[in-house]
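[1] have a look at this prediction, sequence included:
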Amino acid sequence: MKAYKSMEGYNFFVSCWVNTILTKPVDGTNKVVVTARVNHSQRARDTPLKTWLLVERDGTVCVAHCNCMAGLCEACSHVGAVLFAIEAGVRMRDSVTCTQEKSKWVMPGYVKDIPYQPVSEIDFSSAKQKHSRLSDEEPKNVKKMRAKVEEPSAEVQKDFINALSSCGFKPVILSLIPPYSDTYVPKVNNQLPKPLTGLYNEKCVNDS
């Protein structure tokens, strides 16, 4: 319940971090083992985590585990993400089929890499807003929707870069923009210590 109530788990689910959900019924019982792979919270490029649950057929979670650090106490956001994915899949299965209604199949797909995007194309919606959007519910207490950010013109970008270059500091972004990047090239230090081979002296060969 800790992992399910955390909106971080839902963020992982809608961000397409849940992959390869498999089930295996336990013989002679009313229980099912559910396994899944979930991306790391901080290291998205690392090998996905191994998350598994033991649940009953009515949805009761008996035990859950993940091989992340927080998963040792059996309550991490990766477990919550798998629970949200299972809930969404069951809800879609019990409702209309994906061919009976337009754009009904809205389960997030799995992504291996996080692509770089400009700020104007990033979705800054909260987890609660994404949850309402995915479940076709009206978001509560929404004061104002975020206005669409227009891409700045080339002239505006040029003025912004010129203002950064004359601010008296060395902003990191200018290290990627020529010709401002030339000032970020480290200077070569010619005053290096002499190597040991330069201490060789033939006069000392016969010395004890």
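    Received it, and whenever you're ready, just let me know what you need.

[2] which of the residues in the longest helix anywhere in the chain are buried?
    Longest helix in the chain, counting residues (DSSP state H): helix 77-94. Applying a neighbour-count criterion of 16 or more other C-beta atoms under 10 Å, one finds Ser77, His78, Val79, Gly80, Ala81, Val82, Leu83, Phe84, Ala85, Ile86, Ala88 buried in helix 77-94. Just so you know, the C-beta spots here come from the backbone N, C-alpha and C atoms, and that holds for glycine as well.

[3] so which of those is the closest to Thr29?
    Set against Thr29, the nearest of these by C-beta to C-beta is Ile86 (18.6 Å).

[4] contacting residues around that closest one?
    Listed by C-beta atoms under 8 Å, 6 or more residues apart in numbering, the contact set of Ile86 reads Ile21, Val34.

[5] can you point out the buried residues in the host helix or strand of Ala163?
    Per DSSP states H and E: Ala163 is located in helix 154-165. Of the residues in helix 154-165, Ser165 count as buried by neighbour count, 16+ other C-beta under 10 Å.

[6] quick one: contacts of it?
    Counting by C-beta under 8 Å, 6+ apart, Pro152, Pro171, Ile173, Leu174, Ile177, Tyr180 sit against helix 154-165.

[7] how about stretch 24-31?
    Contacts for stretch 24-31 (C-beta under 8 Å, 6+ apart): Val32, Val33, Thr35, Leu54, Val55, Glu56, Arg57, Cys62.

[8] quick one: buried ones out of these?
    Leu54, Val55.

[9] of the contacts of stretch 24-31, closest to Leu196?
    Thr35 (58.7 Å).

[10] using CSV, list the CA coordinates for whichever helix or strand the closest one is part of.
    Taking DSSP H and E as the definition, Thr35 sits inside strand 31-38. Backbone C-alpha positions of strand 31-38 (Å, rounded to 0.1, in the frame of the first residue of the first chain) are rendered in CSV as follows:
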residue,chain,number,x,y,z
LYS,A,31,-2.2,-17.4,-6.1
VAL,A,32,-0.3,-16.0,-9.1
VAL,A,33,3.4,-14.9,-9.4
VAL,A,34,3.8,-11.7,-11.4
THR,A,35,7.3,-10.7,-12.6
ALA,A,36,8.3,-7.5,-14.4
ARG,A,37,11.2,-5.4,-15.4
VAL,A,38,11.3,-1.7,-14.3
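
[11] average pLDDT for it?
    Averaging pLDDT along strand 31-38 gives 92.

[12] and the angle from that strand to helix 77-94?
    110 degrees (axes from the mean of the first three to the mean of the last three C-alpha atoms, to 10 degrees).

[13] show me how far strand 31-38 is from its chain's centre.
    From the chain centre to the centre of strand 31-38 is a distance of 21 Å (C-alpha atoms, centre = their mean, to the nearest Å).

[14] in its sheet, what does that strand sit against?
    Each strand that pairs with strand 31-38, with its direction, by DSSP bridges: strand 18-25 (antiparallel), strand 49-56 (antiparallel).

[15] any idea which of those is most buried?
    Per-stretch averages of neighbours, counted by mean count of other C-beta atoms under 10 Å, single out strand 49-56 among those, with a mean of 19.

[16] cool, thanks, signing off.
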